[in-house]
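Student: sequence first, predicted coordinates after that:
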Amino acid sequence: MLNVKILILSDGKYGDRAILVIKKKFPEAELILLEEEDPTMFLDEVILKNDVELAIEHADLLILYVRHPDVVMEIVSRGKPTILAINFGLGFLNQSIELNPKVNMPISMCNALPDTGIDEIDGYFEKFGNPIYKIKLEYNDNNTPIIKNAELIVESPCGASRASIDLILGKEVTPDTFNLFAINIRQECREPVSVLLSHDEMSESSAVKHLLNLIEAIEKEDPSLFLPNTLLGEYAGKRREEFKTKNLKQLF
């Protein structure tokens, strides 16, 4: 799937970082900027330029960082496998799917799984989406675990997971290290504003989701670190409970 032709369409607000990250695994990915339209204004007609139509025609997968629903619906009508990176709500998604069954709209681009049943979209989400880490630990003279190596099997398309994992290499496995990681994720998060969650809530949920996945990867490497009644065990338990209770029902 690495030779799939991905076309990112944006009105200039989002997608600039995504194209840089995505091209590392999908070298033929392309970004085209569309004219920005006021999303509160109804458009009687949407006309796409010839170069945009041609790029859509030759693309295998579209990723839309476009904020005007009329423009999005016009592009969706082209029938290409399409990921809506901006969440317009369930009603809009249902309308889109009626027009084009190969449409997916994840709650967030870093919380997506390759289970849509659409080959092109699942091929993308196998590389970019819900982060999956592979961790290698080593132990110092005091038998304290240290993160020796961290591999990203799946990463966030905005680059937040890549930038944050580099910060904790060589660090001890402690709550302070986890907090450093989560704070950086939150700062790096470039998730578009969703109609379901505010930007702050989306950034917060992204940080917690990344953190829980990191904890899970470390726990697989050494389950004894997270036994009940241990410092790390209690820390992980609290973070998991927070994720369930912080008004994030939409993320499951």
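Tutor: Cool, got the structure.
Student: for this protein, just list every one of the strands.
Tutor: Counting by DSSP state E, the chain has strands at residues 6-10, 30-33, 61-65, 82-84, 103-104, 132-139, 145-154.
Student: who are the packing partners of the fourth one?
Tutor: Of the remaining helices and strands, those touching strand 82-84 by 3 or more CB pairs under 8 Å, 6 or more residues apart in numbering; DSSP states H and E are strand 61-65, helix 69-76, helix 90-99, strand 103-104. To be clear about C-beta, it is placed using only N, CA and C from the backbone, and glycine gets the same treatment.
Student: run the last query once more with 7 Å
Tutor: Judged by 3 or more CB pairs under 7 Å, 6 or more residues apart in numbering; DSSP states H and E, strand 82-84 is in contact with strand 61-65, strand 103-104.
Student: repeat that for the longest one.
Tutor: Based on contacts counted as 3+ CB pairs under 7 Å, 6+ apart, the elements that strand 145-154 packs against are strand 132-139, helix 160-167.
Student: now do the buried residues in the one helix or strand in the chain whose mean pLDDT sits lowest.
Tutor: Of all helical and strand segments in the chain, the minimum by mean pLDDT, DSSP states H and E falls on helix 199-221, at a mean of 81. For helix 199-221, burial by neighbour count (16 or more other CB atoms under 10 Å) applies to 201-219, 221.
Student: ditto for stretch 97-111
Tutor: For stretch 97-111, the neighbour count (16+ other CB under 10 Å) marks N100, K102, V103, N104, M105, P106, I107, S108, M109, C110, N111 as buried.
Student: go on, stretch 221-235?
Tutor: By 16+ other CB under 10 Å, the buried positions in stretch 221-235 come out as E221, L225, F226, L232, Y235.
Student: how near is the second one to A163?
Tutor: Read it as L225. The gap separating L225 from A163 is 25 Å, by CB to CB, to the nearest Å.
Student: circling back to that earlier point, pLDDT and distance to V52 added to the buried residues of stretch 97-111, as JSON lines?
Tutor: Converted to JSON lines, the buried residues of stretch 97-111 look like this (pLDDT from 0 to 100; distance: CB to CB, whole Å):
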{"residue": "N100", "pLDDT": "98", "distance to V52": "17"}
{"residue": "K102", "pLDDT": "98", "distance to V52": "19"}
{"residue": "V103", "pLDDT": "98", "distance to V52": "18"}
{"residue": "N104", "pLDDT": "97", "distance to V52": "21"}
{"residue": "M105", "pLDDT": "95", "distance to V52": "21"}
{"residue": "P106", "pLDDT": "91", "distance to V52": "24"}
{"residue": "I107", "pLDDT": "84", "distance to V52": "27"}
{"residue": "S108", "pLDDT": "85", "distance to V52": "26"}
{"residue": "M109", "pLDDT": "89", "distance to V52": "22"}
{"residue": "C110", "pLDDT": "87", "distance to V52": "27"}
{"residue": "N111", "pLDDT": "85", "distance to V52": "29"}
